[in-house]
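Q: for reference, the sequence and a predicted model appear below.
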Amino acid sequence: MKFLSLLFSTRLRTSNNGTQEEMRLTASICTANIAGAADGDWVPVAPYGDHPSPDGSYVQRFGRDQADKVVATWNSITGVAARAFKNLWHGLGGKTSCPVWDGHPETDKRRWPKAKLLAEITDLRTGESGLEGRLRWTGNARPTGPLYPSPLWWHWPPAGSPPAVYPELLESIGLVPTPNIANVPAWTQNSAPNLGVPDPLLEEEQKTKTQNTMDRSKLINMLGLVASATDEQIDAALKGIATTANALSTANAAKADLETQLQTANASLTDATAKVTKLEGENEALTTANAARTTANKTLVDGVLDLAEKRGAITPAERQGFADRITTANTAPAALTELQTRKAMNVEPVLINGNRIDLSTANARASALETAIAQKMKDGNLDRDAAFAQCKSDANLAVLFAAMADPSRQS
């Protein structure tokens, strides 16, 4: 996406081409001569190194990292589309190769007034000594030279100190006799004025005009414009493609970021779910343990109260009160101490004159005494005092009066 912004904003193009009078500049790499390259050969396009411009105003800085960027741009979808549009514009059809011209007719019409297509580069790769391309000649006859590759780059204006440019997009390659970078190997041998290479752009004017019109129509149709679209409208449509491509790149980056966030959130959710499941299990275990503890505690309290009641330390009526005190934290110690120190009572019922008498409470003993007095009054026709005196002297009622006299039975 970045190189489209380069195409449609402030940009410069630089080619590796000098004149006969210009001094050739040297670099420390790629000095082999591969003259006579054949179809399918990988040929050097640009050596690595810092190469001063012809006028010396800036340096072209081209290292392996920069070559990797050029290859990545070449292989991108928008890079393929840009080459297809460019080739359509030149009447070369919708192919996606990079044209190799006789010189630089695109940038120097004075020296190369007519465009002569010599070959194509069908692929790019990063080599040990520089950027390399796979060569395909356009006809059976091979141009002779020596001719050297002069790549036409797109790059941002010079910047830094000293000023430098960094090639980012390969537009085309010109074969020239006087390259600006002298150590680039020649692709051809032995100069020949007539290259004898078939060139569809050098055929009769009418055919060329018709072909260009057809290719322009294809480009207009691909851009979705009307048949009468002007160059400005075509440029605007291409800029629109660049804008859309940039927006798509931004959207894809945002989508990737959201997917990463979603993966992180899902991982956190999975972790949280596992923790909740663990806590639920622990809570269930604690609930079960607490229920068991409650049951055991009730059994223990009931056992203590059973023993106290059986020993006669408490009466059945006192049982619940002591149970409440024992199961309450701040009253439990005193209640247990009281149970330990209380004097035991005989709380078993007794038989008096054949009647089962409860001696465990004051009310029960008072009721038993009143019943005995009433019976004496009835049987002997006595008043209450006389009847009470008889009851007190009655041996059968001795246990009742003993219980009434016991201080531990006052409650």
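A: Cool, got the structure.
Q: what ranges do the helices span in the stretch 251-400 of the chain?
A: 319-326, 332-341, 362-380, 384-393, 398-405 (DSSP state H, counting those that start in this stretch).
Q: residue 245 looks like it's in a helix, true?
A: Yes: counting by DSSP: H, G, I helix; E, B strand; the rest coil, residue 245 is part of a helix.
Q: separation between it and residue 233?
A: 19 Å (Cβ to Cβ, to the nearest Å). Every C-beta, even on glycine, is put in place using the N, C-alpha and C of the backbone.
Q: again, but for residue 180
A: Using Cβ to Cβ, we find residue 180 at a distance of 37 Å from residue 233.
Q: of these two, which one has the most company?
A: Neighbour tally, residue 180 and residue 233, criterion other Cβ atoms under 10 Å: the higher count belongs to residue 180, 23 against 14.
Q: sorry, back to before: among the helices of the stretch 251-400 of the chain, which comes closest to residue 115?
A: Nearest to residue 115 among the helices of the stretch 251-400 of the chain is helix 332-341 (108.3 Å), distances taken as Cβ to Cβ.
Q: tell me what that closest one is packed against?
A: Applying 3 or more Cβ pairs under 8 Å, 6 or more residues apart in numbering; DSSP states H and E, one finds that helix 332-341 contacts helix 231-311, helix 319-326.
Q: out of those, which gets nearest to residue 372?
A: The nearest among the helices and strands packed on helix 332-341, by Cβ to Cβ, is helix 231-311 at 26.9 Å.
Q: specify the beta-bridge partners of the residue nearest to residue 167 when sequence neighbours are not counted.
A: Ranked by Cβ to Cβ, 6 or more residues apart in numbering and with sequence neighbours excluded, the top spatial neighbour of residue 167 is residue 153, at 3.8 Å. Judged by DSSP bridges, the bridge partners of residue 153 are residue 14, residue 170.
Q: neighbours of residue 153, how many?
A: For residue 153, using other Cβ under 10 Å, the count is 23.
Q: with residue 260 instead?
A: The burial count for residue 260: 10, using other Cβ under 10 Å.
Q: per-residue confidence at it?
A: Note for residue 260: predicted pLDDT of 88.
Q: and residue 281, by the same measure?
A: For residue 281, the pLDDT comes out at 87.
Q: cool, residue 265 as well?
A: If you check residue 265, the pLDDT there is 85.
Q: just residue 228 next, same as before
A: pLDDT, read off for residue 228, is 78.
Q: residues contacting it?
A: By Cβ atoms under 8 Å, 6 or more residues apart in numbering, the contact set of residue 228 is empty.
Q: can you do 10 Å?
A: By Cβ atoms under 10 Å, 6 or more residues apart in numbering, the contact set of residue 228 is residue 220.
Q: before we move on, back to that, CSV for the helices of the stretch 251-400 of the chain, including distance to residue 68 and mean pLDDT?
A: What follows is the helices of the stretch 251-400 of the chain, written out as CSV (distance: least, Cβ to Cβ, whole Å; pLDDT from 0 to 100):
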stretch, distance to residue 68, mean pLDDT
helix 319-326, 85, 88
helix 332-341, 82, 84
helix 362-380, 107, 86
helix 384-393, 124, 90
helix 398-405, 111, 79
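Q: of those helices, which approaches residue 78 most closely?
A: In terms of Cβ to Cβ, the element of the helices of the stretch 251-400 of the chain nearest to residue 78 is helix 332-341, at 83.8 Å.
Q: okay, angle between the closest one and helix 231-311 too, please.
A: Orientation note: helix 332-341 sits at an angle of 20 degrees relative to helix 231-311 (axes from the mean of the first three to the mean of the last three Cα atoms, to 10 degrees).
Q: and helix 332-341, C-alpha only, in CSV?
A: Listed next in CSV are the C-alpha coordinates belonging to helix 332-341 (Å, rounded to 0.1, in the frame of the first residue of the first chain):
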residue,chain,number,x,y,z
ALA,A,332,-21.2,-21.3,75.9
PRO,A,333,-18.2,-21.3,78.4
ALA,A,334,-20.4,-20.2,81.4
ALA,A,335,-23.2,-22.7,80.5
LEU,A,336,-20.7,-25.6,80.3
THR,A,337,-19.1,-24.6,83.5
GLU,A,338,-22.5,-24.5,85.2
LEU,A,339,-23.4,-28.0,83.9
GLN,A,340,-20.1,-29.3,85.3
THR,A,341,-20.6,-27.8,88.8
